[in-house]
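K.L.:
generate a structure from the sequence data that follows.
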Amino acid sequence: MTTRLQFQIRRVAIILGILISSRHAVGAQTPDSTARRSMATMDTAFAHARQLVMEGKAAAGRQIVDSILTATPPGSPAYGNALYGRAMVAPTAADAERDYQRIIVEYPLSAHAGDALLQLAQLERSRGDRASAIAHLERFLQENPTSTKRGRTGLWLAQLLFEENQDLTACGVLDQARAVTAAGDVELRNQMDFYTARCANALSVVHADSVARAAAVDSAHADLMRRAEAAKRAAEKRLWAKPSKTKADDSASKHTERRPATRGAEAPSRSSVTYSVQVGAYTTRAEADRAVVRLRARGLEARVDGARKPFRVRLGHYKTREEADRAAAQFKKAGLGGFVTAVDGR
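P.N.:
You can find the predicted model right below:
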């Protein structure tokens with residue numbers, strides 16, 4: 001390593017040490033401005049370290065990052081940022097993933113906590129762990145309602161859901177992602193539009209299935225009414241065939257005439273239907289339960305629907321679709337993506 005490079009490394013570490021120490025010394029006087037300067041300087045140093053790694057000077061780049069970690073107080077949000085810098089120049093994917101996991105668990109308030117979720121999702125997707133990648137992308141969308149990366153994150157999530165054959169959920173996510181994507185981001189919008197035909201097909205399949213189910217119910221109801229009418233006519237024929245009617249006969253006739261109505265009452269009635277807003281679908285119950293806990297902490301009426309995967313996280317029970325649509329609009333304003341779905345009200 002050249003003398004000049006060693007000098008640069010020492011200089012970066014010294015500057016960061018001074019900034020971090022001064023942040024703690026200033027305390028409540030100017031915490032925000034001092035923290036911003038410290039983070040900006042740290043990010044500049046990390047960018048320099050990544051550049052060295054890309055130029056083939058991996059040892060020098062990682063030495064800069066290690067110096068920053070040594071100078072940063074463990075337990076502080078800045079330490080989470082330092083872990084992110086180390087993960088970005090990690091020699092292996094496993095090393096990087098270990099630091100990303102530490103950030104989202106131990107330093108959720110770090111400025112790079114959201115970026116760590118996205119990086120984790122990409123690593124998980126690359127090795128075929130779609131369930132974990134979906135969970136981390138959903139968490140990013142829930143915890144970062146104002147991020148400019150929501151559009152692209154929504155596209156990644158929709159792509160994974162399509163790969164899992166959860167087309168309707170994917171299309172709902174895609175609609176939300178398109179809504180937060182700038183009109184000038186033509187490339188991203190074109191990638192979303194690629195799935196327009198698939199979404200249209202998914203909706204047509206659901207519509208056709210609904211029509212078929214309705215037709216089956218109507219057919220069963222019509223058959224029941226025909227049999228009831230036939231039973232009534234048969235009873236009347238038997239009664240009128242008798243020469244005379246006694247009080248007992250009259251009573252029996254009335255009882256017989258009520259039989260079709262009784263049979264009709266025994267027919268299975270359609271269950272009432274309500275509407276909810278679905279904000280997530282998970283491959284494990286534990287992940288769905290954690291999402292419900294987070295939503296309930298925000299004062300929302302959240303629950304898990306389904307006894308097997310995907311475990312759907314839904315909000316509220318609404319009597320009409322219009323009420324559910326209004327609620328979904330309010331959730332969207334609060335940073336929660338979702339779509340209205342009909343549920344069995346039993």
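
K.L.:
which one is Asp305 nearest to, not counting chain neighbours?
P.N.:
Leaving aside its sequence neighbours, Asp305 sits nearest to Arg312 (CB to CB, 6 or more residues apart in numbering; 4.6 Å). Just so you know, the C-beta spots here come from the backbone N, C-alpha and C atoms, and that holds for glycine as well.

K.L.:
all helices of the stretch 151-300 of the chain, in order?
P.N.:
For the stretch 151-300 of the chain, the helices defined by DSSP state H, counting those that start in this stretch occupy 167-179, 186-193, 196-240, 247-266, 285-297.

K.L.:
mean pLDDT for these: which is lowest?
P.N.:
In terms of mean pLDDT, the lowest-scoring of those is helix 247-266 (a mean of 50).

K.L.:
the closest residue to Ala179 other than its chain neighbours: what secondary structure?
P.N.:
Nearest residue to Ala179, sequence neighbours excluded (CB to CB, 6+ apart): Lys332, at 7.7 Å. Secondary structure assignment for Lys332 (DSSP: H, G, I helix; E, B strand; the rest coil): helix.

K.L.:
just list the residues touching Tyr84, thanks.
P.N.:
When contacts are counted by CB atoms under 8 Å, 6 or more residues apart in numbering, Tyr84 touches 46, 99-100, 103, 110, 112, 115-116.

K.L.:
how about a cut-off of 7 Å?
P.N.:
Under the criterion of CB atoms under 7 Å, 6 or more residues apart in numbering, the contact list for Tyr84 reads 103, 112, 115-116.

K.L.:
over to Cys171?
P.N.:
With contacts taken as CB under 7 Å, 6+ apart, Cys171 has the following neighbours: 199, 202.

K.L.:
low-confidence regions, this protein specifically.
P.N.:
By pLDDT under 70, the weakly predicted segments of the chain are 1-38, 205-212, 214-215, 236, 238-271, 345-346.

K.L.:
do that again at 50, thanks
P.N.:
For the chain, residues meeting the criterion pLDDT under 50 lie at 18-19, 22-31, 260-270.

K.L.:
how does it divide up, domain by domain?
P.N.:
Residue ranges for each domain of the chain read 1-127, 129-194, 210-266, 273-344, as given by automatic domain parsing.

K.L.:
looking at the ones you listed, which is nearest to Ala200?
P.N.:
Comparison of the domains of the chain against Ala200 by CB to CB identifies domain 129-194 as nearest, at 8.9 Å.

K.L.:
any idea how far apart the tips of the closest one sit?
P.N.:
In terms of CA to CA, to the nearest Å, the two terminal residues of domain 129-194 are separated by 24 Å.

K.L.:
cool, stretch 117-137 as well?
P.N.:
Counting by CA to CA, the length from the leading to the trailing residue of stretch 117-137 is 7 Å.
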